[in-house]
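*Asks:* This is the structure alone, sequence omitted:
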């Protein structure tokens, strides 16, 4: 395929993608997003966010800077 035909095909495909508008089921999208939010809230309750180095804070906390 020559460069002209290749470019024309790429342009045609890009135009098809750009102007393609599928039917959106907003109620299904709302259910999916609300379910994801609920799962995230449950996960946050089970594992509260902590600093990943908080376990080492007491061990290495030396105000004088000496070990």
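*Replies:* Cool, got the structure. Keep in mind it's a predicted model, so treat the numbers as computed, not measured.

*Asks:* Let me know the average pLDDT across stretch 60-67.
*Replies:* Summarised as a single mean, pLDDT over stretch 60-67 is 66.

*Asks:* likewise stretch 23-35?
*Replies:* Across stretch 23-35, the average pLDDT comes to 91.

*Asks:* what helix or strand does the residue most central in space within the chain sit in?
*Replies:* Closest to where the C-alpha atoms of the chain average out (CA atoms, centre = their mean) is residue 36, at 12.0 Å. Assigned by DSSP states H and E, residue 36 belongs to helix 26-46.

*Asks:* and after that helix, which helix or strand comes next?
*Replies:* According to DSSP H and E, the helix or strand after helix 26-46 is helix 57-60.

*Asks:* So which bits of that following helix are buried?
*Replies:* Buried residues in helix 57-60, counted by 16 or more other CB atoms under 10 Å: none are found. C-beta: built from backbone N, CA, C; applies to glycine.

*Asks:* What count of nearby residues applies to residue 39?
*Replies:* Using other CB atoms under 10 Å, residue 39 has 10 neighbouring residues.

*Asks:* and it, what pLDDT?
*Replies:* Listed pLDDT for residue 39 reads 72.

*Asks:* now the residue nearest to the centre of the chain: how far from residue 30?
*Replies:* Taking CB to CB, to the nearest Å as the measure, residue 36 falls 11 Å from residue 30.

*Asks:* go on, residue 38?
*Replies:* Relative to residue 30, and taking CB to CB, residue 38 is found at 13 Å.

*Asks:* repeat for residue 39
*Replies:* The value you get for residue 39 to residue 30, if CB to CB is used, is 15 Å.
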